[in-house]
Structures are given as C-alpha cells and as structure tokens.
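Asker: With the input below, show me the fold.
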Amino acid sequence: MSVAALKAALHFSSDIFMPIDDPAIDYDKLLARRNAVGISSWAHLAKKAGVSRGSVCRLLTNEAGKYVREQVLNVLQSREEELCRVPTRHEVEEPIHRLTPPNDWKIVSNETPSLIAANGVSYQVAKLESELLPSRFARGKFYDLLHVPPAKLAELVERLTRHAKVCASLTSERRVAKHIDTRRLGEDTAWWVLDEWVDSSPLSQMIDSDVEFPLDEVKRIGSELLQGLSSLHAHKVLVRELAPERVLLRDDSSGCIITDFELAKLLDSDISVSGKWKLQSLYRAPEICGDDRDFRSDLFSWAVIATELLTGRTDADFEMIQKRTNDPGVAALIVKCSDKDYACRPASAEKVLQAWTKWKV
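Answerer: This next block holds a predicted model:
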C-alpha cells in the first residue's frame, strides 16, 4: 500500500493535523488539571478523550492537531490559554522577516509554524529551491538563536553542526536523511540545516489520526526504522530522540527516513548533550539523561513507536499487543525492548530486526 493510499485510508487531512502557533502546553499545569478532575494517568486521560497517549504527549511539543486539543481540553474542562506555558525569551517568536533564506536559495513554502525543540530553541521547517539549480529542492530547518545567551551559543552551534556530522558518516544509507549544507546567518544568530527534499509526511501526522495502521505497514515501518538504527549504531551514532515527528514517510512508499540529528550523540567523540531536556517525551528512554545510555536506548524509542502504530497507545501491555499482532513472540519482543531497565533490552538493533522479520502478518 502506498503512503498516499494509506493517507486516504486513514482519512488524513493536513488542515486538521497542522500544528498551530500557540505556545505549547505546560506539563505541570496539564498534570495539575488532570489530577483536579480526578483522572489518574495519561493513559486514562487519552482514553477519556478518545485519542492516543502519544497525541497527549504532542500537546507539550506544539505538534498536536486541533481535534486532539479540543478533545483533551473538553475532558479537562479547561481552556487552552489556562494551560499554556508562559513564553520565555527563548520562545518569543520573531517577526516573519527573521526567516531569511541562505544564499542561493529561496523559500517555496513553510512546512511548519515556529516550533520549540527539546533543547528550547525555536525552529521552523521550510521547503527551499536552489536559485542556481532550478528544480533542486531542500528541506531546511531554520534555527533562530537571536535570544540565546552568548554563554550558550557555542554549545548550540555545536549541536546544529552535529546533524551534518552524523549524515556525513552515512552517505550511502537510504534510511537516513541526505545532508546538503549547514549555514549560519548574522554571526551565529540564525542557522539553516539543509537536507535533500523528499515528498513525504512525518509519521506523527499519521499516528495522530487515531486509526489503526494495516499490519503490513507496521511491519514495514518497524523494519525500516531498525535498518536505519542498525546503520547509525554501526557508525557509533546514538539517536537519543527518535520520535514519530523525526521519521519521514516517503509518498512513493520507497521507505522511511530518519532525520533531525541535532540531539544525537556521537560515541566516538567528545561531543555530548546536557541532560537538562526542556520538554517531556514518551519516546525517550528513562536513562537518556543519565550515564548508562547506549544503543539500547534507541530500542526503547523504537518499541514505543511500534506499540503506538499497533495499538494507538504508547503504554499498551503484552496482552494488547499480542491481540493486535496475533503473535506472542512479537509482543514479547516489543515489551522487552521497552523495558525501563536498559540492561534487560536486546543487545542490538540487528538482533531485534532478525526477530521482527520472522513475524508473519
């Protein structure tokens, strides 16, 4: 089944799932309101709202659709403005003229509004066209660092260039974004990260539909993500922030692409990332902010994505997964990969891939 056909089957509509410009929901305010109305967990809230737990998570990252917001707010008996984060100087949006294209490129369309990355930096995704080579397009991420304190600027610049370093180490890997260029504007106050353009949609938009994926599509996507992780790990790259919004589904059904490596860790270098993550994520392994993280941390993220693709929830148990897959071995594999103790997870993405491909859909 092509991605285009899958979109139609899931009643996909871009105007429903396009992120909006309002500030992201404050985690503490959301938690307090959940408790105030007598809802015991995020899974309980998702069930009462009729959405997936991942959709509730995306309220915090400014990527939940209008329908999800309305459903959750209705259950919480609250207005959105009461739960939004108070904007900080890192999150104040700049006038539109700040979105200046790099030399020899022009902006064709804005793919997202201004969003907030896990490290608190504002960014926006746009489709660019080369002025020197017409019909050559790029997926550009524009990072606005105008309000970043000078003491933090060098650290952030190092993170932005990390994407290029990761992509450069996997030039022939078809499951990883192909990098074109990384450029700075205005003495480090703004940066562009340019990848080769592919006609695609983020996996997060498909999951937000809250409609079951066909099992053959789940198997294909799960296999391709494991292939990408296996190649990344072979080059000593730990993704650390694998999530549906960082996975692109090609419209021509030629496969998934893993992108956005600004927060990845290169295990053969001195580059690191602070454990102080500004936003919550259901897809992030528990140990990722500590010292015990290794390649098995990415398997946790993969398992949460696989669980959500299968059940519409990120916290489904063995019975729920087995009922959907009709395969206890696959259910056990996913549960093992999502174990909160990283030492209990399989040793490598390659081993998980070998077991996953034996699943008879």
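
Asker: Any stretches of the stretch 151-300 of the chain with poor pLDDT?
Answerer: Along the stretch 151-300 of the chain, segments meeting pLDDT under 70 span 186-187, 209-211, 267-280, 290-293.

Asker: can you map out the strands along it?
Answerer: Taking DSSP state E, counting those that start in this stretch, the strands of the stretch 151-300 of the chain run over residues 179-185, 190-196, 200-202, 237-238, 247-250, 256-258, 265-266.

Asker: which helices and strands sit right next to the last one?
Answerer: In other words, strand 265-266. Here strand 265-266 touches helix 150-168, strand 237-238, going by 3 or more CB pairs under 8 Å, 6 or more residues apart in numbering; DSSP states H and E. In this view, the C-beta of every residue, glycine as well, is placed from N, C-alpha and C.

Asker: Out of the ones you listed, which is the most enclosed?
Answerer: Most buried of the helices and strands packed on strand 265-266, by mean neighbour count (mean count of other CB atoms under 10 Å): strand 237-238, with a mean of 24.

Asker: Can you tell me the strand partners of that strand and which way each runs?
Answerer: The strands beside strand 237-238 in its sheet (DSSP bridges) come out as strand 265-266 (antiparallel).

Asker: on that earlier part again, of the strands of the stretch 151-300 of the chain, which is nearest residue 223?
Answerer: Among those, strand 256-258 comes nearest to residue 223, with 9.1 Å by CB to CB.

Asker: nearest to residue 192, of the helices and strands packed on strand 265-266?
Answerer: The nearest among those, by CB to CB, is helix 150-168 at 9.2 Å.

Asker: Alpha carbons of that closest one, as PDB, please.
Answerer: Provided in PDB are the C-alpha atoms of helix 150-168 (Å, rounded to 0.1, in the frame of the first residue of the first chain):
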ATOM      1  CA  PRO A 150      26.200  34.200  24.400                       C
ATOM      2  CA  ALA A 151      27.400  31.700  27.000                       C
ATOM      3  CA  LYS A 152      25.000  29.100  25.500                       C
ATOM      4  CA  LEU A 153      25.600  30.000  21.800                       C
ATOM      5  CA  ALA A 154      28.700  27.900  21.200                       C
ATOM      6  CA  GLU A 155      27.100  24.800  22.700                       C
ATOM      7  CA  LEU A 156      24.000  25.200  20.500                       C
ATOM      8  CA  VAL A 157      26.100  25.800  17.400                       C
ATOM      9  CA  GLU A 158      28.000  22.500  18.100                       C
ATOM     10  CA  ARG A 159      24.700  20.700  18.300                       C
ATOM     11  CA  LEU A 160      23.500  22.200  15.000                       C
ATOM     12  CA  THR A 161      26.600  21.000  13.200                       C
ATOM     13  CA  ARG A 162      26.200  17.500  14.700                       C
ATOM     14  CA  HIS A 163      23.400  16.800  12.200                       C
ATOM     15  CA  ALA A 164      25.800  17.300   9.300                       C
ATOM     16  CA  LYS A 165      28.500  15.100  11.000                       C
ATOM     17  CA  VAL A 166      26.000  12.300  11.500                       C
ATOM     18  CA  CYS A 167      24.700  12.400   7.900                       C
ATOM     19  CA  ALA A 168      28.300  12.600   6.600                       C
END
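
Asker: Now do it: which elements does it pack against?
Answerer: strand 179-185, strand 190-196, strand 265-266.

Asker: what about that helix, distance to the chain center?
Answerer: 18 Å (CA atoms, centre = their mean, to the nearest Å).

Asker: coming back round to it: is it possible to get TSV of the helices and strands packed on strand 265-266 that adds distance to residue 335?
Answerer: Listed next are the helices and strands packed on strand 265-266 as TSV, based on distance: least, CB to CB, whole Å:
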stretch	distance to residue 335
helix 150-168	29
strand 237-238	22
